[in-house]
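In: when you get a sec, could you give me coordinates for this:
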Amino acid sequence: MVNPAEFFRDEGVSRRRGLPLSALTDEELVRSAQEQDDKEACEYLLYKYRNLVRAKVKSYFLIGAERDDLLQIGMVGLWEAINDFR
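Out: Residues are numbered from 1 along each chain as shown. Now for the predicted structure:
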């Protein structure tokens, strides 16, 4: 697994392209994650949008569920969205 802090410290330079991942659009990153099985691009997007997922989780409450459980479900949903985007 790629250390998320390295993406922003080193500007997320992809070993395949030589370009910083932050210089690519989200759509290009998603396409790379889907078509080239680029794990770095997928993890970069997950790290980039984790605060959005966290903010959305705050508005939900389920009896007997921990907030971390909802966060995990949200992150799985984000991962599925990356893989299924057309």
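In: tell me which other helices or strands the longest helix anywhere in the chain touches.
Out: Taking DSSP state H as the criterion, the chain has its longest helix at helix 67-84. Helices and strands touching helix 67-84, by 3 or more CB pairs under 8 Å, 6 or more residues apart in numbering; DSSP states H and E, are helix 26-35, helix 39-48, helix 50-57. C-beta: built from backbone N, CA, C; applies to glycine.
In: pick the most deeply packed of those.
Out: helix 39-48 (a mean of 19; mean count of other CB atoms under 10 Å).
In: on that earlier part again, and the contacts of the longest helix of the chain?
Out: 30, 33-34, 42, 45-46, 49-50, 53-54, 56-58, 60, 62 (CB atoms under 8 Å, 6 or more residues apart in numbering).
In: confidence-wise, which helix or strand of the chain is lowest on average?
Out: Among the helices and strands of the chain, helix 4-9 carries the lowest confidence by mean pLDDT, DSSP states H and E, at a mean of 54.
In: picking that back up, need the max-distance pair from the contacts of helix 67-84.
Out: Gln34 and Leu62 (31.2 Å; CB to CB).
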